[in-house]
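*Asks:* need coordinates for the below:
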Amino acid sequence: MSLYIILMGVQGAGKGEQARFIQETYGIPQVSTGDLFRAMKTRTDPLAQRIQQIMAEGKLIDDDTTNAVVEDRLGQEDAENGVILDGYPRTPAQAAWLDQYLEKQGARVNAVLLLELDLYTAF
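*Replies:* Model (predicted):
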């Protein structure tokens with residue numbers, strides 16, 4: 001059985017700490033879209049080039065492109081038993097895509113954890 005967890009919360013709420021604990025406990029990787037986008041700077045494949053162009057133009061990365069990056073990452077061997085998603089999904093379209101993708105894999109989101117912290121404490 002695969003384990004798919006979504007972590008939500010403001011910056012500084014402890015998502016990274018919780019992700020490390022879950023990763024160590026369940027042996028599934030943390031997947032941060034921010035980290036994935038930054039990693040695209042060193043790749044040369046067509047998806048990476050598309051993201052590099054969008055970033056160079058100072059635009060936001062659209063849902064379809066973001067979903068393609070997540071699909072690429074979820075297809076890697078270390079993610080076969082699930083992942084901890086941090087920073088994804090951010091839009092209803094991304095959430096719908098994730099549900100459909102996981103359903104095709106015979107999986108689903110198991111938990112959404114919201115780490116609440118007031119904005120003044122977070123900064």
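*Asks:* quick one, phi/psi of the residue nearest to Leu85 when sequence neighbours are not counted?
*Replies:* Nearest residue to Leu85, sequence neighbours excluded (C-beta to C-beta, 6 or more residues apart in numbering): Ile6, at 4.7 Å. Placement of C-beta: from N, CA and C, glycine included. Per-residue torsions, Ile6: phi -110, psi 130 (degrees, to the nearest 10).
*Asks:* check whether Arg20 really touches Gln30, as I assumed.
*Replies:* Yes: contact criterion C-beta atoms under 8 Å: Arg20 and Gln30 qualify, at 7.4 Å.
*Asks:* between these two, which is the more surrounded one?
*Replies:* Gln30 (18 against 12; other C-beta atoms under 10 Å).
*Asks:* distance of the more buried one relative to Leu98?
*Replies:* 16 Å (C-beta to C-beta, to the nearest Å).
*Asks:* strands along the chain, start to end?
*Replies:* With DSSP state E as the criterion, the chain has strands at 3-9, 30-32, 82-86, 111-115.
*Asks:* who touches the last one?
*Replies:* Think strand 111-115. When contacts are defined by C-beta atoms under 8 Å, 6 or more residues apart in numbering, strand 111-115 is touched by residues 5-9, 13-15, 18.
*Asks:* over to the longest one?
*Replies:* Applying C-beta under 8 Å, 6+ apart, the set of residues contacting strand 3-9 from outside is 15, 18-19, 22, 26, 28, 81-86, 88-89, 102, 107-117.
*Asks:* residues of the helix or strand bottoming out on mean pLDDT in the chain that come out buried?
*Replies:* Least confident element among the helices and strands of the chain, by mean pLDDT, DSSP states H and E: helix 119-122 (a mean of 69). By 16 or more other C-beta atoms under 10 Å, helix 119-122 has no buried positions at all.
*Asks:* put the alpha carbons of that helix into CSV.
*Replies:* Extracted in CSV, the C-alpha atoms of helix 119-122 (Å, rounded to 0.1, in the frame of the first residue of the first chain):
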residue,chain,number,x,y,z
LEU,A,119,1.6,34.7,10.5
TYR,A,120,3.3,36.9,13.2
THR,A,121,4.8,34.0,14.9
ALA,A,122,5.9,32.4,11.6
